[in-house]
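Participant: The sequence and its predicted three-dimensional model are supplied below.
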Amino acid sequence: MADGVADVRRLLDRIEQISQIGSWEWVVATGAVTWSDQLYRIYGVEQGTPITLEYFLSRIHPDERTRIQREIQTVLRHPGTFQYREVIIRSDGAHRTLDTIGETSCGADGTVIELVGTCRDVTDLVSRDQRIQFYSDVFEHVQIGLSGWQVDRSEATPKLRLVAFNTKTEELVGTSLGGRLGQSLTEILPTLEGSALIEEATAMSFARPIRKLPPFARSNGQGAPWLAATLFSLPGRQIGLALEDVTASVRTSMLQQAERHALEMLASGAPIAAILEVIARAIETASPGTLASVLLLDVTGTKLKHGAAPSLPVELVTLLEGLHIGPRAGSCGTAMFRRERVIVTDIATDPLWDDYRALVAPFGLRACWSEPIIATDGRVLGAFALYHREPRTPDAAAYELLARAAHVTSIAIERRMLDDQLRALAGKIEAVREEERSTIARDIHDQLGQALTAHKLDVGWLLRRITEPALVAKLEELARSTDDVIRSVQRIATDLRPGVLDHLGLRAAIEWQAEEFERRSGLTCRVTSSLSNVVLERELATGVFRIFQEALTNIARHANAKTVEVALYLHHGQLHLDISDDGVGLPEIGLGPHLGILGMRERAVRLGGECIVQRKQPTGVTVSVVLPLRFPPELQAIRD
């Protein structure tokens with residue numbers, strides 16, 4: 001009998017697994033909840049885990065919990081059959097949708113004493129229904145170009161020949177297709193000759209019935225839209241082509257990529273001209289046939305200054321440099337003066353270009369739209385311009401593109417200005433800090449050092465006049481401790497500002513610091529230098545020395561190295577400092593080394609150079625510092 005019951009239970013459990021249905025029972029009076037094995041599996045809970053109403057509610061999605069509690073209360077007040085849908089969160093974090101169906105058992109007084117029911121996992125069904133509804137809504141409300149094409153393999157190069165199309169396709173390809181049935185896709189859109197779309201369509205495997213392709217520009221003409229293409233199989237081994245105008249999203253994506261790239265370049269210290277050129281090229285790529293230009297306002301706030309113009313003739317860029325802004329100063333000069341957008345649809349007739357028309361006429365430019373670049377504090381930084389080789393009026397998309405370009409450019413310019421200000425402030429703070437170090441070092445050496453020396457002389461005087469053994473021993477101990485204090489004072493003063501840097505120069509300071517590093521760390525540190533006795537500007541020498549100290553500190557803390565090689569030399573009029581170790585290399589994570597590297601890089605940038613930290617093969621790290629030479633003002637005047 002027991003075996004029969006066990007067989008029935010196994011059969012029921014198997015049926016529940018196949019149907020994705022779990023069963024449960026809740027005794028209201030005792031609060032006891034019983035789950036079937038399949039329900040444990042659905043919830044992702046280990047079988048045998050004690051279940052309570054509170055635990056069940058804790059697995060309900062927070063957005064659903066209040067509603068499910070109301071459902072339970074309703075069942076308790078109104079006994080009978082019930083059903084509802086719930087979303088649970090499994091122990092592994094996955095969300096599942098369940099359909100619950102159950103009924104109540106009541107006592108003689110009508111009070112609910114027990115609830116039993118089943119839970120069916122309908123997650124996949126709900127997902128399928130949602131997908132069906134989604135695609136139904138898409139085709140119901142969104143217009144796309146749909147066309148059918150026959151693969152013609154009668155020639156050496158397979159072709160796609162038009163067999164059917166809808167009206168939206170004509171709009172997207174920019175031409176009437178009424179009399180073009182049988183023509184090839186490349187005859188209709190010549191820019192697709194040799195494109196991935198043709199190749200994919202003619203080689204398409206019908207075992208893979210859908211193929212999405214990257215967006216492409218319909219043509220290279222002014223304002224040509226970007227189209228997204230999807231290939232799909234049709235009966236009769238024909239190819240379906242779905243086209244959608246994605247110009248706005250493509251332009252937005254390109255500008256976002258340009259903005260990210262610009263910010264990365266800003267972080268790496270790239271020149272602002274290179275950053276602006278990246279943005280201008282992104283605009284030109286996003287809007288075929290457009291020539292982008294960035295003109296900046298000079299420090300006087302009255303003249304134009306070149307920012308970027310990757311596709312404008314160099315001769316024109318030179319002619320525009322230094323022109324004054326004003327109420328009738330072309331497009332950019334007027335936009336800066338008015339602090340508002342200026343749209344010139346035809347340069348040949350617009351009065352704003354009366355004084356400048358002859359400048360641009362030889363270059364075939366006919367339209368210019370300009371957007372002022374405004375800082376967050378309201379200052380005019382410059383203007384972003386879009387030129388065209390034919391008279392043209394912007395549409396809504398062009399206005400949005402122009403505004404976005406100016407916004408991205410303002411971010412780049414302001415960020416660079418802020419970086420320059422912060423770097424200048426950091427340099428000022430560092431200079432003040434070095435001056436304070438020097439002052440403290442001098443005070444310690446001159447005042448405290450002298451006082452300790454006098455103290456030692458007094459102790460010596462006493463030693464020569466006292467014969468009491470106990471007092472002599474005490475004075476000798478005091479003399480030794482005084483010597484220790486004097487050495488400590490000298491070391492502290494040297495750490496604050498090594499005198500060798502000021503008196504003997506950078507090369508001697510580097511060599512001295514390397515010897516100190518060897519003594520303290522036990523590592524071998526070899527210095528090779530061809531710098532001779534070049535006298536450098538104090539700020540430059542100090543900066544290089546501090547970078548060297550930071551590099552040695554990082555090696556001692558993190559490298560686990562045995563040998564350090566240092567090279568200090570001049571090359572092509574620049575100062576070079578290379579520091580290499582044979583340690584474990586750059587760490588993958590951890591803020592300590594990274595902050596040290598950041599500090600070295602910032603010092604180098606403030607000095608007009610760069611600090612590159614990279615892995616060395618086979619092991620170790622190389623720190624390469626390259627800085628422009630700077631000499632003290634009195635020497636610079638002699639050199640000039």
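Facilitator: Good, I have the coordinates.

Participant: drop to CA atoms for contacts and neighbour counts, all remaining ones
Facilitator: Will do.

Participant: which residues does Leu570 contact?
Facilitator: Counting by C-alpha atoms under 8 Å, 6 or more residues apart in numbering, Leu570 makes contact with Ser530, Leu531, His576.

Participant: Give me the helix or strand of this protein that scores worst on average pLDDT.
Facilitator: helix 633-639 (a mean of 49; mean pLDDT, DSSP states H and E).

Participant: re earlier: buried ones from the contacts of Leu570, can you make that a ChimeraX selection?
Facilitator: Applying 16 or more other C-alpha atoms under 10 Å to the contacts of Leu570, the buried members can be selected in ChimeraX as follows:
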select :531,576
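
Participant: Columns secondary structure, distance to Ala396 and pLDDT on top of the contacts of Leu570, output as CSV?
Facilitator: Listed next are those as CSV, based on DSSP: H, G, I helix; E, B strand; the rest coil; distance: C-alpha to C-alpha, whole Å; pLDDT from 0 to 100:
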residue, secondary structure, distance to Ala396, pLDDT
Ser530, coil, 63, 85
Leu531, coil, 62, 81
His576, strand, 53, 92
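
Participant: where in the stretch 451-600 of the chain is pLDDT low?
Facilitator: 451-452, 455, 486, 488-500, 502-503, 533, 587-595 (pLDDT under 70).

Participant: mind listing the strands for the stretch 401-550 of the chain?
Facilitator: 524-529 (DSSP state E, counting those that start in this stretch).

Participant: what's in contact with the one helix or strand Ala335 maps to?
Facilitator: Assigned by DSSP states H and E, Ala335 belongs to helix 332-338. Here helix 332-338 makes contact (C-alpha under 8 Å, 6+ apart) with 295, 297, 304, 324-328, 341-342, 352, 370-373, 380, 382-385.

Participant: What subset of these is buried?
Facilitator: 295, 297, 304, 324-326, 328, 341-342, 352, 370-373, 380, 382-385.

Participant: Cross the residues you listed against strands and list the overlap.
Facilitator: Among the buried ones among the contacts of helix 332-338, the members found in strands (DSSP state E) are 295, 297, 304, 342, 370-373, 380, 382-385.

Participant: Make sure I have this right: Glu25 is in a strand.
Facilitator: Yes: Glu25: assigned to a strand according to DSSP: H, G, I helix; E, B strand; the rest coil.

Participant: I'd guessed it sits against Ile113; true?
Facilitator: No: between Glu25 and Ile113 there is no contact under C-alpha atoms under 8 Å: 10.9 Å.

Participant: What's the separation between Thr376 and Ile279?
Facilitator: Remark: distance between Thr376 and Ile279 (C-alpha to C-alpha, to the nearest Å) = 19 Å.

Participant: Just want to know which of the two has more residues nearby.
Facilitator: Set Thr376 next to Ile279 and count neighbours by other C-alpha atoms under 10 Å: Ile279 wins out with 27 against 10.

Participant: Closest one of the contacts of Leu570 to Gly102?
Facilitator: Distance to Gly102, by C-alpha to C-alpha, is smallest for His576 among the contacts of Leu570, at 80.9 Å.

Participant: ok, for that closest one, nearest residue in space, not its chain neighbours?
Facilitator: Closest residue to His576 apart from its sequence neighbours, by C-alpha to C-alpha, 6 or more residues apart in numbering: Val626 at 4.7 Å.

Participant: List the beta-bridge partners for that neighbour.
Facilitator: Going by DSSP bridges, Val626 is paired in beta bridges with His576, Glu610.

Participant: tell me the contacts of it?
Facilitator: Applying C-alpha under 8 Å, 6+ apart, the residues near Val626 are Gln574, Leu575, His576, Leu577, Ala604, Gly609, Glu610, Cys611.

Participant: Would you map the helices across the stretch 451-600 of the chain?
Facilitator: For the stretch 451-600 of the chain, applying DSSP state H, counting those that start in this stretch gives helices covering 469-496, 499-503, 506-521, 538-554, 591-606.

Participant: for these, which one sits closest to Pro62?
Facilitator: Using C-alpha to C-alpha, those put helix 591-606 closest to Pro62, at 37.2 Å.

Participant: The helix or strand Glu114 falls within packs against which elements?
Facilitator: Assigned by DSSP H and E, Glu114 belongs to strand 112-121. Here strand 112-121 touches strand 21-27, strand 95-106, going by 3 or more C-alpha pairs under 8 Å, 6 or more residues apart in numbering; DSSP states H and E.

Participant: Comparing those, which stretch has the densest surroundings?
Facilitator: strand 21-27 (a mean of 20; mean count of other C-alpha atoms under 10 Å).

Participant: Report the mean per-residue pLDDT for whatever helix or strand comes next after it.
Facilitator: Per DSSP H and E, the first helix or strand lying C-terminal to strand 21-27 is strand 33-35. Here strand 33-35 scores 90 as its mean pLDDT.

Participant: Does anything pack onto strand 33-35? Which helices or strands?
Facilitator: Packed next to strand 33-35, using 3+ C-alpha pairs under 8 Å, 6+ apart, are strand 21-27.

Participant: In terms of secondary structure, what does the strand it packs on contact?
Facilitator: strand 33-35, helix 37-43, strand 112-121.

Participant: I'd like to check what contacts it. Which residues are they?
Facilitator: The contact list for strand 21-27 (C-alpha under 8 Å, 6+ apart) reads 16, 32-40, 42, 113-121.

Participant: Only the buried subset of those, as a PyMOL command please.
Facilitator: Restricted to buried positions by 16+ other C-alpha under 10 Å, the PyMOL selection for the contacts of strand 21-27 reads:
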select buried, resi 16+33+34+35+36+37+38+39+40+42+113+114+115+116+117+118+119+120+121
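
Participant: For Pro190, find the nearest of the helices of the stretch 451-600 of the chain.
Facilitator: helix 591-606 (49.8 Å).

Participant: before we move on, back to that, any chance of a markdown table for the helices and strands packed on strand 112-121, columns mean pLDDT?
Facilitator: Rendered in a markdown table, the data for the helices and strands packed on strand 112-121 read as follows (pLDDT from 0 to 100):
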| stretch | mean pLDDT |
| --- | --- |
| strand 21-27 | 90 |
| strand 95-106 | 92 |
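
Participant: With distance to Ile210 as added columns, please give those strands in TSV.
Facilitator: Below are the helices and strands packed on strand 112-121 laid out as TSV (distance: least, C-alpha to C-alpha, whole Å):
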stretch	distance to Ile210
strand 21-27	35
strand 95-106	29
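
Participant: Pull the number of nearby residues for Glu610.
Facilitator: The burial count for Glu610: 20, using other C-alpha under 10 Å.

Participant: I'd like the distance between it and Ser268.
Facilitator: From Glu610 to Ser268 the distance is 10 Å (C-alpha to C-alpha).
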